[in-house]
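Undergrad: 3D model of this:
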Amino acid sequence: MLKYIYYHRHGQTSISAVNGSYGNNQYRVMLTERGIQESVMLGHGLAQHAPFGLYLTSPLPRAVQTATLVSRQIGQVEMKGEPALSEPINEQPREVWKRVTNLAEELLKSPHQKVLLSTHGYIFYCLTTYFKGMELGDLKHFVNPPTGAFAWVALEKGKVVEANWECKDHLETREHLPVL
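TA: Numbering: from 1, shown residues only. The predicted structure follows:
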C-alpha cells in the first residue's frame, strides 16, 4: 500500500516578504494579509489531495496559523504540534538533519496513509533532500521555496515511487490574490 507524505511552507510573513532573518522574532511573527491569502489558496490546493489522516505542524506561530487556515479547507483531520518541524534556532545543521530524518523515518512507520506537515523553508528542503535519497551536504544549494508552496511523495516500502517536489500551481495567481 502506498503512503503519501505532503509538506508545505508557511504563508508569507513580514520577514519572509523581504527574505530576512527571524532572529529573536521566531515566536512573535505572524502571517501578513498576503500570507493569510496564500494559506487559503494552499488549503484549496491541498483539498484536492484530501483526506489526510494526520496533520503535524511546527509549533512556531506562522506554521500553526498556516495549518489552521489550511485545515479549514481540507476537512476534518487530526492536528498535532511537532517540534521536529520547527525552523532551526541555535542548532547546527547536523542536529536539524537528524531530527528531520528521524521524523521522516517515524512517518514511514505511521499507520496513517496520508500525512500533511506544516513547516518552514529549510525543513521543507531537508525533507525533499531526504526523500530524494540525498545527504545533508546536498543542502548547500538550498533556496527557500515560495511561501505557501507544498511538495509530496508517494512511498511504497519506504521507497519513493512518485513525487512532486514543489507544487506551486495554486499560487500562480499570487499577484491577484483574492480578497478575504
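Undergrad: neighbours of the residue nearest to Leu103 when sequence neighbours are not counted, how many?
TA: In space, and not counting its chain neighbours, Leu103 is closest to Ala84: 4.0 Å by C-beta to C-beta, 6 or more residues apart in numbering. Every residue, glycine included, has its C-beta placed from N, CA and C. Neighbourhood size, Ala84 [other C-beta atoms under 10 Å]: 19.
Undergrad: swap in the one 10 residues further on?
TA: Number of residues near Arg94 (other C-beta under 10 Å) recorded here: 8.
Undergrad: going forward, count from 31.
TA: I'll keep to 31 as the first residue from here, and by that count the last item is Arg124.
Undergrad: what comes up buried for the helix or strand hosting it?
TA: For Arg124, the enclosing helix or strand under DSSP states H and E is helix 123-139. Within helix 123-139, the residues that qualify as buried are Val126, Trp127, Arg129, Val130, Thr131, Leu133, Ala134, Leu137, counting by 16 or more other C-beta atoms under 10 Å.
Undergrad: which residues touch Met60?
TA: Thr43, Pro91, Arg92, Gln95 (C-beta atoms under 8 Å, 6 or more residues apart in numbering).
Undergrad: contacting residues around the longest strand seen in the chain?
TA: For the chain, the strand with the greatest residue count under DSSP state E is strand 189-197. The contact list for strand 189-197 (C-beta under 8 Å, 6+ apart) reads 32, 75, 158, 161-163, 175, 179-185.
Undergrad: mind giving me the PyMOL select for those, buried ones only?
TA: Those of those that count as buried under 16+ other C-beta under 10 Å are selected in PyMOL with:
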select buried, resi 75+158+161+175+179+180+181+182+183+185
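Undergrad: spatially, which two of the contacts of strand 189-197 are the most separated?
TA: Using C-beta to C-beta, those reach their maximum pairwise distance at Gly75 and Gly163, which is 26.1 Å.
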